[in-house]
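Colleague: make a model of this:
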Amino acid sequence: MNELRYTLLSDGSSDRTLIPILSWLLRQHLRACALRPAWADLRRLPNPPKDLDARIRRSIDLYPCELLFVHRDAETNQPQKRFEEIRQAISKAMLASTLPPAICVVPVRMTEAWLLSDLRAVRRAAGNPNGRKELSVPDIRNLEDLPNPKDDLHRLLREASELKGRRLKDFSVKAAACRVSEYIEDFASLRTLPAFARLDEDIVQTIGSHGWAQ
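Modeller: Just a heads-up that it's a prediction; the model follows:
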């Protein structure tokens, strides 16, 4: 395979940060393949579909691809429950449409947990790559145990910016959070996390079963 188009359907717009992660994983197993990622932006449709199966069908209509990623954060639910929700929606969507292979993306608890693995990227996303302020993050093995990784990431970005007063108040922490994954060059350390390892395994299985690595 010389080129692979993939589409990410996510919970929200901030989860576009998954695209650099998905591209990195795919490149580990499809090194000679050009990737063409797309984020399924359904927000501006006159009547955006609400049910997940309808969102899946609409995403494929608007963003045709060879591989679909469907994202749901585990949040307070067990990851397996989210996997089952996605699989049921995919099965329902297949009754009405022809779908490409689909892979579930279920971070624990939120996508932001995977962005706390690289302090250098956090500093760059905060616009202060040479910052000296000491930043503290949990051991990478414990990232999936954080109750609210989004709050932790936003706090780190504010600290990393080293801004004060009015400038800190005007700092767009949401925009900075969306940039973090773009500055991470290697996500290999996340393979110690069960949810990330499962995603990697599912990608390997999908590539193998469709002969894309040949």
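
Colleague: distance-wise, check Asp41 relative to Pro48.
Modeller: Distance, Asp41 to Pro48, by CB to CB, to the nearest Å: 10 Å. Where you see a C-beta, it was placed from the backbone N, CA and C, and this is true even at glycine.

Colleague: who has more neighbours out of the two?
Modeller: Neighbours per residue, other CB atoms under 10 Å: of Asp41 and Pro48, the larger number sits with Asp41, 15 against 12.

Colleague: these two touch, right, Leu146 and Ser117?
Modeller: No - contact criterion CB atoms under 8 Å: Leu146 and Ser117 do not qualify, at 11.9 Å.

Colleague: so which of these two has more stuff around it?
Modeller: Each of Leu146 and Ser117 has its neighbours counted (other CB under 10 Å); Ser117 has more, 22 against 19.

Colleague: how much space separates the more buried one from Cys65?
Modeller: With distances taken as CB to CB, Ser117 is found 27 Å from Cys65.

Colleague: same question for Ile21.
Modeller: Applying CB to CB, the value for Ile21 to Cys65 is 17 Å.

Colleague: do Ile207 as well
Modeller: Applying CB to CB to Ile207 and Cys65 gives a distance of 15 Å.

Colleague: contact partners for the residue positioned nearest the centre of the chain?
Modeller: Geometric centre of the chain, nearest residue: Leu18, 2.2 Å, by CA atoms, centre = their mean. Counting by CB atoms under 8 Å, 6 or more residues apart in numbering, Leu18 touches 8, 10, 69, 71, 105, 111, 181.

Colleague: those in strands, which ones?
Modeller: Among these, the ones falling in strands (DSSP state E) are 8, 69, 71, 105.

Colleague: Pro79 reaches Ala195, doesn't it?
Modeller: Yes - Pro79 lies in contact with Ala195 (CB under 8 Å); the separation is 6.1 Å.

Colleague: need the overlap of contacts for the two.
Modeller: Joint contacts of Pro79 and Ala195 (CB under 8 Å, 6+ apart) are 106, 108.

Colleague: break the chain down into its domains, please.
Modeller: 3-108+193-209, 113-183 (automatic domain parsing).
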